[in-house]
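Participant: Return a 3D structure for these sequence lines:
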Amino acid sequence: MQVLDVLRCPGLKVLRYLIENPDRYHSKYQIIKHSGVSKPEKILERFVKAGWVKLYYVPGFLRLYKINLEKEEVQAFKELFERLELVKVMP
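Facilitator: Model prediction:
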C-alpha cells in the first residue's frame with residue numbers, strides 16, 4: 001500500500017502527479033486519469049489560489065495546469081516525495 005493511499009489525501013495525489021511532470025501543461029482530464037482523483041476541481045482551485053499551480057486558458061474553454069516549482073512550499077513537497085520515493089528524482 002502506498003503512503004498516499006494510507007493518508008487518503010486526494011490533494012497530495014494531484015500534487016504528486018503535477019510535480020512528477022513539471023515541464024508539461026495538464027488538462028483536468030489528464031489529471032483525473034493519472035492521479036486517480038475523480039473530481040480535482042476544488043483542489044486545483046485551491047492550488048491556483050495559493051500560487052502552487054499556474055492556470056492557463058486556451059481558447060475553447062480549455063484550462064491547463066502546470067506546477068509552479070518556484071514556490072518554496074512546492075519545492076518542500078517535491079523533496080518529501082523524492083525522499084519517500086513517490087516521484088522519480090529529477091535534476
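
Participant: Show the subsequent helix or strand relative to the worst-scoring helix or strand of the chain on mean pLDDT.
Facilitator: Ranked by mean pLDDT, DSSP states H and E, the weakest helix or strand in the chain is helix 3-7, scoring a mean of 58. Sequence-wise, the next helix or strand downstream of helix 3-7 (DSSP states H and E) is helix 10-20.

Participant: Now do that next one, average pLDDT.
Facilitator: What helix 10-20 shows for mean pLDDT is 92.

Participant: do the same with stretch 82-91
Facilitator: Mean per-residue pLDDT for stretch 82-91: 69.

Participant: to the chain's geometric centre, what's the distance from stretch 45-56?
Facilitator: Here stretch 45-56 is found 10 Å from its chain centre; the criterion is C-alpha atoms, centre = their mean, to the nearest Å.

Participant: Next: stretch 46-63.
Facilitator: Relative to its parent chain, stretch 46-63 has a centroid offset of 12 Å by C-alpha atoms, centre = their mean.

Participant: Between the two ends of that stretch, what distance do you get?
Facilitator: End-to-end distance for stretch 46-63, by C-alpha to C-alpha, to the nearest Å: 15 Å.
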